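Visitor: okay, here's the prediction I keep looking at, along with the sequence it came from:
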Amino acid sequence: MKFTELNLSQDILSAVEKAGFVEPSPIQEMTIPLALEGKDVIGQAQTGTGKTAAFGLPTLNKIHTEDNTIQALIIAPTRELAVQSQEELFRFGRDKGVKVRSVYGGSSIEKQIKALRSGAHVVVGTPGRLLDLIKRKALKLNHIETLILDEADEMLNMGFLEDIEAIISRVPEARQTLLFSATMPDPIKRIGVKFMKNPEHVKIKATELTNVNVDQYYVRVKENEKFDTMTRLMDVDQPELSIVFGRTKRRVDELTRGLKLRGFRAEGIHGDLDQNKRLRVIRDFKNDHIDILVATDVAARGLDISGVTHVYNYDIPQDPESYVHRIGRTGRAGKSGQSITFVSPNEMGYLTIIENLTKKRMTGMKPATASEAFQAKKKVALKRIARDFEDQELVSKFDKFKADALELATQYTPEELALYVLSLTVQDPESLPEVEITREKPLPFKPSGGGFKGKGGRGNGRGGDRRRNDRGDRRGNRDRDDRGGRRGNRDRDDRGGRRDFKRRDDKFKKDNRCQENKKPHKNTSSEKQTGFVIRNKGDK
């Protein structure tokens, strides 16, 4: 079946085509016709199966854009999922003129109220912020025709059940309700009985979500060492065509600039780019004019590009669905691919979440050293020189330099000239341009215990890359043993001053160690430096 057979309006189909989608996924194929008929639907499917489009396309299809009221409400468990859903729905509804807003905690409620007042047809939000806006009378629900609960089991796990019921009770009864959940615990079933009208059940069998042709690796690395670690791996692996995923638009811009500074042919795409530039960048990537595409999750959705050999997850995604989509860009058409995910120590719990979903364990990879990267670049330069000398057309152009070459040959030895050529061709690791990547707010802390384990488990992350036998530099795995405070996790420009803060922080860490000593625990790969967890909980 194709999307054109699903009775969607032409403007929605046009947006789907622009996104590169042709055939619906199983959850989309089964849900969209039922939703278009106005039926309530309970969809049980894994994350990563295309649920957003399954509920989003029929919802956008029935929006009346001439009526400037909120006609659809989507409740999501996290800020990141709310933003991601909003961006995807905006992309699908842009041609039709649908206004989609996202609201969530941790951001200015005044700005969100202002955005709602400027007009919205669809609102995506987290339970707490939605309730707050309802109580302030800034979110009017009296015209809601479609209510969607996304990842209901996750919201239940986070303790949002009462908030969800409070929101549902304020939505008109004459509505369509769509509920999506990976699992169906009793409280979720009760929501279906209490708030839905004869819902149709759609269940997609759990399957292995990730391509068997993709070798999946992770590198445990401090945030401020990620960029150098990634570029060294690129120098060693020499990927033919690769995609780098960043969590935010700012991250994409900074990574693109940094990669260009280091001599890589890279361009970035994200939601702020106009369509013409986005298409130009993708065309250049397909035509080998650039080697590295840097992208946000939403910008890369639907990309159909063959020949991608490597996917680099500079930021680990919060939801496994994004991970599945990311690494699906490589290992296509029977070819092998490789994905490498860079994980900061306090985000190791998300690695376990991804492995639990995909039923596939990632292999720890030892970071490449500066020396290994330099040696790899020299080999590439020598191969390029040899290849160029085999190019007769290029060699024929040497004659115009012959007199100058003979003059140089009288002044310098062949060895000196060769050394000079190589120094121009290969970047010296000691003189690489400094690249500063702004620190993003870390993901909320999640423990990593009890996750999917392959043979022998992950242990404490000391296995390194199984493809390499050397036992050299292990700096990427020293985080647990550092005792010198948190200097390794500070931005580069945070050098001086604030000594009083450091003393208080040290005291905080000492007190925290005392508390931890009272409760012995397993030594897992997600074990943090003391003080890290406290800071991240405060970030929630």
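Guide: Alright, I've got the coordinates. Numbering: from 1, shown residues only.

Visitor: now the residue sitting nearest the centre point of the chain: closest residue in space that isn't a chain neighbour?
Guide: The centroid of the chain falls nearest to Pro317 when counting by CA atoms, centre = their mean (4.0 Å). Among residues not flanking Pro317 along the chain, Tyr323 sits closest, at 5.1 Å (CB to CB, 6 or more residues apart in numbering). For the C-beta atoms, the positions are set from N, CA and C on the backbone; glycine is no exception.

Visitor: quickly find the element holding that neighbour.
Guide: Using DSSP states H and E, Tyr323 maps to helix 320-327.

Visitor: then that helix to PDB, C-alphas only?
Guide: The C-alpha coordinates for helix 320-327 follow below in PDB (Å, rounded to 0.1, in the frame of the first residue of the first chain):
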ATOM      1  CA  PRO A 320      14.700   5.300  21.000                       C
ATOM      2  CA  GLU A 321      12.500   6.100  18.000                       C
ATOM      3  CA  SER A 322      15.000   8.800  16.900                       C
ATOM      4  CA  TYR A 323      17.900   6.300  17.300                       C
ATOM      5  CA  VAL A 324      16.100   3.800  15.100                       C
ATOM      6  CA  HIS A 325      15.500   6.400  12.400                       C
ATOM      7  CA  ARG A 326      19.000   7.800  12.700                       C
ATOM      8  CA  ILE A 327      20.900   4.500  12.100                       C
END
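
Visitor: per-residue confidence at Met184?
Guide: Per-residue confidence (pLDDT) for Met184: 84.

Visitor: contact partners for it?
Guide: Residues near Met184 by CB atoms under 8 Å, 6 or more residues apart in numbering: 42, 44, 153.

Visitor: same question, Pro185
Guide: By CB under 8 Å, 6+ apart, the residues touching Pro185 are 153, 156.

Visitor: ramachandran angles for it?
Guide: The phi/psi pair for Pro185 (degrees, to the nearest 10) reads phi -70, psi 160.

Visitor: now it: how far from Leu233?
Guide: 41 Å (CB to CB, to the nearest Å).

Visitor: now Thr369
Guide: 11 Å.

Visitor: could you list the low-confidence segments of the protein?
Guide: 46-48, 205-211, 275, 298-304, 333, 445-540 (pLDDT under 70).

Visitor: domain parsing for it?
Guide: The chain breaks down by automatic domain parsing into domains covering 3-203, 208-477, 478-539.

Visitor: deepest of the ones you listed, which one?
Guide: Comparing the domains of the chain by mean neighbour count (mean count of other CB atoms under 10 Å), domain 3-203 ranks first with a mean of 19.

Visitor: picking that back up, ok, now how distant is the residue nearest to the centre of the chain from Asp150?
Guide: Distance, Pro317 to Asp150, by CB to CB: 16 Å.

Visitor: repeat that for Val236.
Guide: On the measure of CB to CB, Val236 and Asp150 end up 40 Å apart.

Visitor: what's the nearest residue to Val380 if we skip its chain neighbours?
Guide: Once flanking residues are discounted, Val380 sits nearest to Gln238: 6.2 Å by CB to CB, 6+ apart.

Visitor: look up how far Asp95 lies from that neighbour.
Guide: 40 Å.

Visitor: swap in Ser181?
Guide: Separation of Ser181 from Asp95 (CB to CB): 30 Å.

Visitor: same question, Leu149
Guide: For Leu149 relative to Asp95 (CB to CB), the value is 27 Å.

Visitor: and the strands in the stretch 1-150 of the chain?
Guide: 41-44, 72-75, 100-103, 122-125, 146-149 (DSSP state E, counting those that start in this stretch).

Visitor: output these as CSV; include the columns distance to Phe374.
Guide: Shown next, in CSV, are the strands of the stretch 1-150 of the chain (distance: least, CB to CB, whole Å):
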stretch, distance to Phe374
strand 41-44, 52
strand 72-75, 50
strand 100-103, 45
strand 122-125, 47
strand 146-149, 53
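
Visitor: Gly20: which of those strands is closest?
Guide: strand 100-103 (20.0 Å; CB to CB).

Visitor: give the pairing partners of the closest one; include direction for each.
Guide: In the sheet, strand 100-103 lines up against strand 122-125 (parallel) (DSSP bridges).

Visitor: chain neighbours aside, what residue packs nearest to Glu145?
Guide: Closest to Glu145 by CB to CB, 6+ apart is Gln71, at 5.0 Å.

Visitor: can you report phi and psi for the one you found?
Guide: In terms of degrees, to the nearest 10, the main-chain angles of Gln71 are phi -110, psi -10.

Visitor: quick thing: my sequence starts at 54, can you match it?
Guide: Taking 54 as the first residue, the last one we looked at is Gln124.

Visitor: what segments of the stretch 254-403 of the chain are strands?
Guide: Secondary structure of the stretch 254-403 of the chain (DSSP E, counting those that start in this stretch): strands at 267-273, 295-298, 319-322, 345-348, 363-366, 390-396.

Visitor: got the ones you listed as CSV, with distance to Ala426 columns?
Guide: Formatted as CSV, those follow (distance: least, CB to CB, whole Å):
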stretch, distance to Ala426
strand 267-273, 14
strand 295-298, 16
strand 319-322, 17
strand 345-348, 16
strand 363-366, 15
strand 390-396, 15
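
Visitor: the strands of the stretch 54-203 of the chain: which one's closest to Val255?
Guide: Nearest of the strands of the stretch 54-203 of the chain to Val255, taken as CB to CB: strand 94-97 at 4.7 Å.

Visitor: what's the distance between the closest one and the middle of its chain?
Guide: Relative to the centre of its chain, strand 94-97 is centred 26 Å away, using CA atoms, centre = their mean, to the nearest Å.

Visitor: which other helices and strands contact it?
Guide: Identification of packing neighbours for strand 94-97 by 3 or more CB pairs under 8 Å, 6 or more residues apart in numbering; DSSP states H and E yields helix 79-89, helix 104-114, strand 229-234, strand 253-256.

Visitor: reformat these as a markdown table; add distance to Leu314.
Guide: What follows is those, written out as a markdown table (distance: least, CB to CB, whole Å):
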| stretch | distance to Leu314 |
| --- | --- |
| helix 79-89 | 41 |
| helix 104-114 | 35 |
| strand 229-234 | 43 |
| strand 253-256 | 49 |
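
Visitor: nearest to Ile221, out of the ones you listed?
Guide: Among the helices and strands packed on strand 94-97, strand 229-234 comes nearest to Ile221, with 8.0 Å by CB to CB.

Visitor: what angle sits between the next helix or strand along the chain from that closest one and strand 229-234?
Guide: The helix or strand immediately downstream of strand 229-234 is helix 239-248, counting by DSSP H and E. Angle, helix 239-248 to strand 229-234, by axes from the mean of the first three to the mean of the last three CA atoms, to 10 degrees: 170 degrees.

Visitor: what's the closest of the strands of the stretch 54-203 of the chain to Lys455?
Guide: Nearest of the strands of the stretch 54-203 of the chain (CB to CB): strand 153-156, 65.3 Å.
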